[in-house]
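Novice: what follows is a protein structure lacking sequence information:
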């Protein structure tokens, strides 16, 4: 059965590289498949759109342009803050820091540079502005259950309460 644009539970094995390079930036090959429900916004849009219509056991190389992956680089997402906000942190250019955003969500930033008084951080995703090449294999595909459709969680609510989703 082919993957539908909405309400299919898909198990995916993938490897992703920045387009035009050989360096693997993420992979789950040899591990557990990435499971997601189509139409719920759980994958980058450009990848999910190109998976629609594929079948279980099928493999493909999929190019996803930056705009349909993690977006273009937003210059407004680069900020300079007073260094005292980073007290106790041994700063290094290129390091990732995690904090809490205004809405309570976890926020990841990259330290671009720092001086004795200021730290320049970048809120852009590390892969923003980059075209990505995915090598994917559809490991499994099935219709989502009513609980999965309602909760957006593979395995439904009971799965989450068993601790299987990191709750």
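Specialist: Everything's here; your move. Computed from a predicted model, the values in this text were never measured in an experiment.
Novice: what's near enough to touch the residue sitting furthest away from the middle of the chain?
Specialist: Seen from the C-alpha centroid of the chain, the residue lying at the greatest distance (Cα atoms, centre = their mean) is residue 116, 33.8 Å away. By Cβ atoms under 8 Å, 6 or more residues apart in numbering, residue 116 lies in contact with residue 83. Using the backbone N, CA and C atoms, a C-beta is placed for each residue, glycine as well.
Novice: now for this structure, the helix or strand with the poorest mean pLDDT.
Specialist: Ranked by mean pLDDT, DSSP states H and E, the weakest helix or strand in the chain is helix 156-161, scoring a mean of 46.
Novice: which phi and psi does residue 146 have?
Specialist: The phi/psi pair for residue 146 (degrees, to the nearest 10) reads phi -60, psi -40.
Novice: what's the burial count for it?
Specialist: Residues contacting residue 146 under the criterion other Cβ atoms under 10 Å number 9.
Novice: equivalent analysis for residue 46, please.
Specialist: By other Cβ under 10 Å, 19 other residues sit near residue 46.
Novice: what do you get for residue 131?
Specialist: 16.
Novice: how far does stretch 77-93 stretch from start to finish?
Specialist: 17 Å (Cα to Cα, to the nearest Å).
Novice: how's this protein carved up into domains?
Specialist: 8-70+128-161, 75-122 (automatic domain parsing).
Novice: reformat these as JSON lines; add distance to residue 2.
Specialist: JSON lines is the format used below for the domains of the chain (distance: least, Cβ to Cβ, whole Å):
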{"stretch": "domain 8-70+128-161", "distance to residue 2": "5"}
{"stretch": "domain 75-122", "distance to residue 2": "34"}
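Novice: what are the phi and psi angles of residue 86?
Specialist: phi -110, psi 20.
Novice: cool, residue 31 as well?
Specialist: Dihedral angles for residue 31 - degrees, to the nearest 10 - are phi -120, psi -160.
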